[in-house]
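Student: Below are the sequence and a predicted model for it; my questions follow.
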Amino acid sequence: MSASGSKSMLLDATRQLQARWADTRTKWRDQKAADFEDQYLANLTTDVHHALRVIDELDKILQKVRSECE
């Protein structure tokens with residue numbers, strides 16, 4: 001799979017998770033929900049954007065390796 005395909009899948013999965021969490025959060029409103037959100041979801045967007053930057057960097061390195069091996 002290409003880096004762009006991986007990035008698209010990651011973004012799509014993140015959007016789906018956020019949408020489902022928003023729906024879940026309307027029904028699950030106790031402290032455990034807040035704890036779950038704080039522990040697992042609060043930094044999700046930042047972490048995903050960091051991962052996307054890393055994927056871009058890896059893609060550049062792999063392209064360079066491929067071109068040098070040809």
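Tutor: Right, received. Where do you want to start?

Student: Going by C-alpha atoms from here, please, whenever you check contacts or count neighbours.
Tutor: Noted.

Student: what residue ranges in the chain score low on pLDDT?
Tutor: 1 (pLDDT under 70).

Student: The residue nearest in space to the middle of the chain: which element?
Tutor: Nearest to the mean C-alpha position of the chain, by C-alpha atoms, centre = their mean, lies Val48 at 3.4 Å. Using DSSP states H and E, Val48 maps to helix 44-69.

Student: Check which residues of that helix are buried.
Tutor: Within helix 44-69, the residues scored as buried using 16 or more other C-alpha atoms under 10 Å are 44, 52, 55.

Student: Make a markdown table out of the residues you listed and add distance to Ser8.
Tutor: Shown next, in a markdown table, are the buried residues of helix 44-69 (distance: C-alpha to C-alpha, whole Å):
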| residue | distance to Ser8 |
| --- | --- |
| Leu44 | 16 |
| Leu52 | 10 |
| Ile55 | 11 |
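
Student: Show the contacting residues for Trp21.
Tutor: Contact partners of Trp21, counting by C-alpha atoms under 8 Å, 6 or more residues apart in numbering, are absent.

Student: Distance check, it against Ser2.
Tutor: 28 Å (C-alpha to C-alpha, to the nearest Å).

Student: Fine, thanks again, bye for now.
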